[in-house]
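>>> coords please:
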Amino acid sequence: MANYVVKRILGALPVFFGITLLVFFLMNMAPATIADAAGGGEASSAAARAALEANLGLDKPVPVRYLLWLRELLQGDLGLSYRTGQPVLGMIAQRVVPSLILTGTGVAAAVVIGIPLGVMAAWKPGSGWSRLAGGLTLFSYSAPGFFLCVLLIYVFSVKLGWLPAAGMYSSGSGGSLGDLAYHLFLPAAVVCLSSLGNLVRQTASACGEVLGEDYIRTARAKGLPEWAVVWKHGFRTALLPVVTTVLNHIPHIIGGSLVVERIFGWPGMGSLLFTSVSSRDYTVIMGITVVIALTVLVTGILMDLVYRLADPGVGWGGEAS
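Take a look at the predicted model:
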């Protein structure tokens, strides 16, 4: 197992560096730089603009700049923000926790709702549970995130006035837990609804296949209670694809949700990425790229390990099937 993990990590390194290289070059193909985004004032003249780019190191060739950035990365330094002058690592660290709170809460709610609903839909096809699961799945897949944001804000903030439309805390609230939950409800509901469809579908599909197996019919023939047959035998066997679906949400939990955070004014990684792209803050964009790429690659390795631990027949000699 240890040898397999080492092999997977070594195999992920070229992918990681390839992602950073691709993002760096695509980012520098943009028709404007931080000097253009600054606009007016000192950057308005060609000489001042050239001086600003030289001060930021943007006058060097792109391959040279990438190698310089990579050298700093390998030393554990993500550089300074072009826009604020603050350390990129510190800026990202401040935004990770809000993203974890928002997206983690939304995904956790989707798990709590989606897994039992998927099991019930597979257990009782054609029932009200099955129709409810199908309706929620269809709504989750068909409704874009921005539409859900606008819809919930219109209903619960504008019309009913029950919940705030933006922010993480109220001004002067002192950052209480109750105020956080008050502001968290709507954006977390959007994340939950967006994640719910895939989770319900995967759970229902996996349980539906397992409940038709011979050993399930044997368990029923032995007189076991139906709930024990479904939850102890059926769901346990079908748990692997469900766990895989949950693991697939980890990068979104770490990286935040760009649309949700932007619309709700939530101070997470998604809103930081939007601001950085708008202002051509290359160092912050690359820092966020590093965090998300590492999260995706680590999640992929975890998924491989889960498959192999759950199914010893797969073995440790090759890639996951």
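>>> which residues of the stretch 151-300 of the chain fall in helices?
177-210, 214-221, 226-228, 236-237, 239-247, 250-255, 258-264, 269-278, 282-310 (DSSP state H, counting those that start in this stretch).
>>> avg pLDDT for the third one?
Here the mean pLDDT over helix 226-228 is 73, rounded to a whole number.
>>> what residues does it touch?
219-220 (Cβ atoms under 8 Å, 6 or more residues apart in numbering). For glycine as for every other residue, the C-beta is placed from the backbone atoms N, C-alpha and C.
>>> hang on, the earlier thing: closest to Phe156 out of the helices of the stretch 151-300 of the chain?
Taking Cβ to Cβ, helix 177-210 is the member of the helices of the stretch 151-300 of the chain nearest to Phe156, at 6.2 Å.
>>> Pull out the buried positions in that closest one.
Residues 179-180, 182-184, 186-208, 210 are the ones in helix 177-210 that count as buried (16 or more other Cβ atoms under 10 Å).
>>> before we move on, what about stretch 219-231?
Here stretch 219-231 shows 219-220, 229-230 as buried, counting by 16+ other Cβ under 10 Å.
>>> Reformat the residues you listed as JSON lines; add distance to Gly106.
As requested, the buried residues of stretch 219-231 are exported to JSON lines (distance: Cβ to Cβ, whole Å):
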{"residue": "Ala219", "distance to Gly106": "35"}
{"residue": "Arg220", "distance to Gly106": "37"}
{"residue": "Val229", "distance to Gly106": "32"}
{"residue": "Val230", "distance to Gly106": "27"}
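>>> Closest to Ser140 out of those residues?
Val230 (23.6 Å).
>>> I'd guessed the closest one sits against Gly208; true?
No. At 11.2 Å, Val230 does not count as touching Gly208 under the criterion of Cβ atoms under 8 Å.
>>> what ranges do the helices span in the stretch 1-150 of the chain?
Under the criterion DSSP H, counting those that start in this stretch, the stretch 1-150 of the chain contains helices at 2-28, 34-38, 46-56, 62-74, 88-123, 128-142, 145-152.
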